[in-house]
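Novice: here are the coordinates; sequence isn't available:
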């Protein structure tokens, strides 16, 4: 598997590349957003790591450009400060995960392994609920035969919902199943990803499938469950 590292800091790039090389991952590095866009058009990558501190904070902007263009390659942003808002902006912009600087090697590698698992070949299987389906091999989502682009984290959230339809899934349950790190109680990261899925899976269609159950969590259901929040439908 090939990983693209985007950072103008040569020493940091070499450090991260050395860690990944020991995991039998092939790395390529570029020092600017423009070079990254060129490489992405020329070759495919299993993961993109963007250093916000060394791209003038534009790592998140690159992720947004890729998502707008329909690229679903997993993307991890290295946050340049400890502000929660930077992490929220990165995730809301389409990033699949965020790691803070200074980087802890084992934590970064654990996050990388989690994102790369979805690139590994697995058993052929299709998850379906009503007119929504997800191919676990190609990681392609369709509704009413319309292809819906999604990031790897969005895919993980939707996969969990598809595996447990018509029952309440709590925020804690989703965090435990999809995220490999503790999410602060005040974080709205789960709400962010549910909102992103709704924009793609529900809003363009007549029937909403993803519902918020007030004070409890979420449910994948073709009918409005009791206790569902009307404003989210």
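Specialist: Cool, got the structure. Worth saying up front: this structure is predicted, and the values here are computed from it rather than measured.
Novice: Just checking, which helix or strand of this structure averages the lowest pLDDT?
Specialist: helix 59-68 (a mean of 78; mean pLDDT, DSSP states H and E).
Novice: name the helices or strands packed onto that one?
Specialist: helix 33-42, strand 47-51, strand 75-79, helix 84-92 (3 or more Cβ pairs under 8 Å, 6 or more residues apart in numbering; DSSP states H and E). Where C-beta positions appear, they are placed from N, C-alpha and C, glycine not excepted.
Novice: Contacts made by that helix with the rest, please.
Specialist: 6, 33, 36-37, 40, 48, 50-52, 55, 73, 75, 77-78, 89-90, 93-95, 149, 151 (Cβ atoms under 8 Å, 6 or more residues apart in numbering).
Novice: Adding distance to residue 191, mean neighbour count and mean pLDDT, write the helices and strands packed on helix 59-68 out as a markdown table.
Specialist: A markdown table is the format used below for the helices and strands packed on helix 59-68 (distance: least, Cβ to Cβ, whole Å; neighbours: other Cβ atoms under 10 Å; pLDDT from 0 to 100):
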| stretch | distance to residue 191 | mean neighbour count | mean pLDDT |
| --- | --- | --- | --- |
| helix 33-42 | 29 | 15 | 84 |
| strand 47-51 | 24 | 25 | 91 |
| strand 75-79 | 19 | 26 | 89 |
| helix 84-92 | 10 | 18 | 84 |
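Novice: Reformat these as TSV; add distance to residue 12.
Specialist: Formatted as TSV, the helices and strands packed on helix 59-68 follow (distance: least, Cβ to Cβ, whole Å):
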stretch	distance to residue 12
helix 33-42	15
strand 47-51	6
strand 75-79	8
helix 84-92	17
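Novice: quick one: which of these is nearest residue 161?
Specialist: helix 84-92 (18.1 Å; Cβ to Cβ).
Novice: what are the ranges of the strands in this structure?
Specialist: 2-6, 26-30, 47-51, 75-79, 97-100, 126-129, 132-135, 140-143, 146-148, 210-213, 217-220 (DSSP state E).
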